[in-house]
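*Asks:* any chance you could fold what I've pasted below:
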Amino acid sequence: MTISLERFVRCSFSLSEGYLAAYFDRAAHGGFEGVMRVPFFGHRTLGLSKMVEIDYSVTPDHSEGGRPHDGVTVNWRSPSRLLPAFEGRLRTRIHMPGTDLLFEGRYSPPFGAFGRLFDAIVGRMLARATMRDLLARLATDMEAKEVA
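*Replies:* You can find the predicted model right below:
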């Protein structure tokens, strides 16, 4: 399944790529940023949380012409077989007075037909909520760096 989300961040476009890389570097080294959360009913404090293994890489983003810039490829795996592995790509776009974060991710529900049924009923909603929460945490982190 593929999901795409977008979030505006009040952060300089020229610094945004470095902020993203720093965030995922902390996540890849066991920081709290590596905890993926599924908030319930939009509540950041209610929901499920799971520490995952994250790898990321900063790679050129050729999806749009103009000024060359990078994007971040981010993948995570849970130690639990109940949760699917995730492969995603974060791109940044200038959107004055800040930056748009574009997040596209793919996952395959585990457990064959049963997993696909679960995904159709509730799994896709959980995946979207997890991605939305990650974008919110990225935005908070990036905007805090702009103020500092």
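
*Asks:* mean pLDDT per helix and strand in the protein: which one sits at the bottom?
*Replies:* None of the helices or strands of the chain scores lower by mean pLDDT, DSSP states H and E than strand 43-51, at a mean of 68.

*Asks:* pull out the buried positions in the helix or strand following that one.
*Replies:* Next helix or strand after strand 43-51 toward the C-terminus (DSSP states H and E): strand 53-61. Residues 54, 56, 58, 61 are the ones in strand 53-61 that count as buried (16 or more other C-beta atoms under 10 Å). Quick note: C-beta positions are derived from backbone N, CA and C, even for glycine.

*Asks:* so what are the sheet partners of strand 53-61 and their directions?
*Replies:* The partner list of strand 53-61 in its sheet, established with DSSP bridges, is strand 69-77 (antiparallel).

*Asks:* check which residues of the strand it pairs with are buried.
*Replies:* 69-76.

*Asks:* same check, this time on stretch 5-13
*Replies:* The neighbour-count check on stretch 5-13 (16+ other C-beta under 10 Å) flags 7, 9, 11-13 as buried.

*Asks:* residue 116 contacts residue 109, doesn't it?
*Replies:* Yes: proximity of residue 116 to residue 109 meets the contact threshold set by C-beta atoms under 8 Å, at 5.5 Å.
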